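>>> Predicted model and sequence follow; I will ask about them next.
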Amino acid sequence: NAGVMQNPRHLVRRRGQEARLRCSPMKGHSHVYWYRQLPEEGLKFMVYLQKENIIDESGMPKERFSAEFPKEGPSILRIQQVVRGDSAAYFCASSGGLQETQYFGPGTRLLVL
Amino acid sequence: QKEVEQDPGPLSVPEGAIVSLNCTYSNSAFQYFMWYRQYSRKGPELLMYTYSSGNKEDGRFTAQVDKSSKYISLFIRDSQPSDSATYLCAMRGLEYGNKLVFGAGTILRVKS
């Protein structure tokens, strides 16, 4: 499968724990985006990364959330000290370049108990 | 006011009907317009991608953009039960960089 891959598909955490969400872009893509989808809402942009660089993090909450896209390996979205309001579906998308079409992964559904 | 408004539905139609899905937006800086289809518990799948005003057709799907009215539409001809999904409009503009701004999505149900 040459599409965008995300894991885990489902993640359950207790309040105060850390959540790590991983995204492998489509083959040949070097631009990664993270979006969050809350129940009954559309997708909201969080962060845009290229290899080893954060390009736009204007949608990221100021605290507890961080993202990286290292030279080797997948992009990681990290949520520290999770709270119930972090429960959502987190989608990763990738594109081959600036202004190019974004293709989405299947998402990670985070549930905070 | 949201940047992109989309009626959440649900919109229920009989099989074979023509479906019209719409979004309005407030910022004239948007230049690129997309429609994504999202099945339950799945990721969004790109259906149509258009630039500026005009029409684009692909099989049973037609996308229309009217920048003067800040209004975009997706038409589905000969709708099928397999078209039952949530349809998300999305748009992008230079001042937004590369991020997409989405509508809330319209739930479509096609009854056989």
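Cool, got the structure.
>>> what sits up against the helix or strand containing A:Tyr35?
Using DSSP states H and E, A:Tyr35 falls within strand A:31-37. Residues external to strand A:31-37 that are found in contact with it (C-beta atoms under 8 Å, 6 or more residues apart in numbering or on different chains): A:23, A:25, A:43-50, A:67, A:69, A:75, A:77, A:88-98, A:100, A:102, A:104, A:107, B:98-100, B:102. For glycine as for every other residue, the C-beta is placed from the backbone atoms N, C-alpha and C.
>>> Tell me which residues are up against the helix or strand that it is followed by.
Next helix or strand after strand A:31-37 toward the C-terminus (DSSP H and E): strand A:43-50. Strand A:43-50 has contacts (C-beta under 8 Å, 6+ apart) with A:30-38, A:54-60, A:65, A:67-69, A:75, A:77, A:91, B:44, B:88, B:90, B:97-102.
>>> Might you enumerate the residues of chain B proximal to chain A?
With C-beta under 8 Å from any C-beta of the partner chain as the criterion, chain B meets chain A at residues B:4, B:6, B:8, B:32, B:34, B:36, B:41-46, B:49, B:88, B:90, B:92, B:97-105.
>>> quick one: which of those residues sit in strands?
Using DSSP state E, B:4, B:32, B:34, B:36, B:45-46, B:49, B:88, B:90, B:92, B:101-102 are the members of the residues of chain B next to chain A that sit in strands.
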